[in-house]
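**Q** I'll drop the sequence and a predicted model, then ask my questions.
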Amino acid sequence: MDKNQPRINVNGKVGPIDAAQIPRYAGAATYARLPRLDQVEHADVAVVGVPFDTGVSYRPGARFGGNHIREASRLLRPYNPAQDTSPFENLQVADAGDLAVNPFNINEAIETIQAGALDLTEGGTKLVTLGGDHTIALPLLRAAAERAGEPVAMLHFDAHLDTWDTYFGAEYTHGTPFRRAVEEGILDTEAISHVGTRGPLYGKKDLEDDKRFGFGIVTSSDVFRQGVDEVVAKLRDRIGNRPLYISVDIDVLDPAHAPGTGTPEAGGITSRELLEILRGMRGMNLVGADVVEVAPAYDHADITAVAASHVAYDLITLMGLSA
């Protein structure tokens, strides 16, 4: 194989470009310098970008998040010591590029994302999606539930609830996807939780509505006071063996750890806490995941993108360790 091409792992899967042959700062910026989807016969996991941020309510720019994460992922290495595994040897992982979505029509974009997700997951491939704003979670959840054949459990890492009814009369925004998902019956309401929420709300009704939808809430203060292990135990007990979707809005992290996002809130969890909670989901039935709301224009020294690239790496690792 040409040294510019992805290397072959010991088990025959096509893995990342060898950094001993091609420096990490050179070559095409696929996620973790993995092969493109068209370079492999079949992918167990596809990493796909959705460059869409028409649903944002404050700072735009998340449409550029996917490629920003890809650039920051160049430094990722093939062995994950935290889980004692090599995810790219356990799984054939490939970069599927970006879905081309209409930036001027949210309804059409949602339909395109759902269709693209269903196309990419045909044949058993799982998706890790790089956003994009959080609007994209709704069509991704629709596709995940269709593939699972049942409503899915969900862990939603976010500073915000994202269960508003409408915003300026719009039903589909980055603040409404999970209310719509509950209404559509694609979430298992006995196994859905927010993690890392914090900050001011428009009123107490936001929390009352959220509780009525079935969400459990682990605030960022709960993570701080209870600790990662207790939080993980509670989440695992709530999820059980259900098919699980994980959605990570990078603003779940404190702005010190993720300045490059559209709606930052003070008092967030650390990147270490987020990664450790994710690692605590080892053995769960993870069927899909996304990392959203990375806005490069506000990212200093790639702090946010580095965190997001590691989050995606641990999500891929979990898919290789799923039930």
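**A** Sure, I can see it. Predicted model, so just to flag it, every value in this text is computed and none were measured. Residues are numbered from 1 along each chain as shown.

**Q** Please make it C-alpha for all contacts and neighbour counts, starting now.
**A** Will do.

**Q** hmm, who's touching stretch 274-284?
**A** Stretch 274-284 is contacted by residues 82-83, 228-229, 231-232, 236, 240-241, 243-244, 253, 310-311, 314-315, 318, 321-323 when judged by Cα atoms under 8 Å, 6 or more residues apart in numbering.

**Q** What subset of those is buried?
**A** With burial judged by 16 or more other Cα atoms under 10 Å, the buried subset of the contacts of stretch 274-284 is 228, 231-232, 243-244, 253, 310-311, 314-315, 318, 321-322.

**Q** How about the secondary structure of the most centrally placed residue in the chain?
**A** Per Cα atoms, centre = their mean, the C-alpha nearest to the average position across the chain is that of residue 290, at 2.1 Å. Residue 290 falls in the strand class when you classify it by DSSP: H, G, I helix; E, B strand; the rest coil.

**Q** and the gap between it and residue 28?
**A** According to Cα to Cα, to the nearest Å, residue 290 and residue 28 sit 22 Å apart.

**Q** what about the strands in the protein?
**A** All strands of the chain, identified by DSSP state E, fall at 45-50, 93-98, 126-131, 152-157, 187-197, 216-219, 243-249, 285-292.

**Q** for those strands, which one sits closest to residue 7?
**A** Each of those has some distance to residue 7 by Cα to Cα; the shortest is strand 93-98, at 12.4 Å.

**Q** Contacts only, for residue 80.
**A** By Cα under 8 Å, 6+ apart, residue 80 lies in contact with 86-87, 317.

**Q** Please check which residues sit opposite it as beta-bridge partners.
**A** residue 85 (DSSP bridges).

**Q** Return the distance of it relative to residue 145.
**A** Distance from residue 80 to residue 145, by Cα to Cα: 29 Å.

**Q** Likewise for residue 224?
**A** Applying Cα to Cα to residue 224 and residue 145 gives a distance of 32 Å.

**Q** Out of these two, name the residue with the larger neighbour count.
**A** residue 145 (23 against 16; other Cα atoms under 10 Å).

**Q** can you pull the pLDDT of residue 3?
**A** For residue 3, the pLDDT comes out at 52.

**Q** same thing with residue 262?
**A** So residue 262 comes in at 98 (pLDDT).

**Q** What count of nearby residues applies to residue 38?
**A** Number of residues near residue 38 (other Cα under 10 Å) recorded here: 12.

**Q** right, and residue 179 touches residue 171 too?
**A** No - using Cα atoms under 8 Å, residue 179 makes no contact with residue 171, being 9.5 Å away.

**Q** between those two, what contacts are shared?
**A** residue 165.

**Q** more crowded one of these two?
**A** Higher neighbour count among residue 179 and residue 171: residue 179, with 22 against 17, using other Cα under 10 Å.

**Q** And the helices in this structure?
**A** 65-72, 87-90, 106-120, 137-148, 177-183, 205-213, 220-226, 228-239, 271-279, 303-320 (DSSP state H).

**Q** now, of those helices, which is deepest in the fold?
**A** Most buried of the helices of the chain, by mean neighbour count (mean count of other Cα atoms under 10 Å): helix 65-72, with a mean of 26.

**Q** ok and that one relative to strand 93-98, angle-wise?
**A** Counting by axes from the mean of the first three to the mean of the last three Cα atoms, to 10 degrees, helix 65-72 lies at 140 degrees to strand 93-98.

**Q** Counting by contacts, list what helix 65-72 packs against.
**A** Counting contacts by 3 or more Cα pairs under 8 Å, 6 or more residues apart in numbering; DSSP states H and E, helix 65-72 packs against strand 45-50, strand 126-131, helix 303-320.

**Q** so for the second one, what's the average pLDDT?
**A** Taken as a whole, strand 126-131 has an average pLDDT of 98.

**Q** ok, it: who's next to it in the sheet?
**A** strand 45-50 (parallel), strand 285-292 (parallel).

**Q** gap between that strand and the chain center?
**A** A distance of 6 Å separates the C-alpha centroid of strand 126-131 from that of its chain, computed with Cα atoms, centre = their mean, to the nearest Å.

**Q** same thing with the last one?
**A** Relative to the mean C-alpha coordinate of its chain, helix 303-320 is positioned 8 Å out (Cα atoms, centre = their mean).

**Q** and the angle from that helix to strand 243-249?
**A** Comparing the axes of helix 303-320 and strand 243-249 via the same axes, to 10 degrees yields an angle of 170 degrees.

**Q** Take helix 303-320, keep the C-alpha atoms, and write them as CSV.
**A** Backbone C-alpha positions of helix 303-320 (Å, rounded to 0.1, in the frame of the first residue of the first chain) are rendered in CSV as follows:
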residue,chain,number,x,y,z
ILE,A,303,-9.4,24.1,22.9
THR,A,304,-12.9,23.2,21.9
ALA,A,305,-12.0,21.2,18.9
VAL,A,306,-9.4,19.1,20.8
ALA,A,307,-12.1,18.3,23.4
ALA,A,308,-14.6,17.4,20.8
SER,A,309,-12.2,15.2,18.9
HIS,A,310,-11.5,13.2,22.0
VAL,A,311,-15.2,13.0,22.8
ALA,A,312,-15.8,11.5,19.4
TYR,A,313,-12.8,9.1,19.9
ASP,A,314,-14.3,7.8,23.1
LEU,A,315,-17.7,7.4,21.5
ILE,A,316,-16.2,5.3,18.8
THR,A,317,-14.3,3.3,21.4
LEU,A,318,-17.6,2.6,23.2
MET,A,319,-19.1,1.3,20.0
GLY,A,320,-16.4,-1.3,19.8
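
**Q** With that, I have no additional questions.
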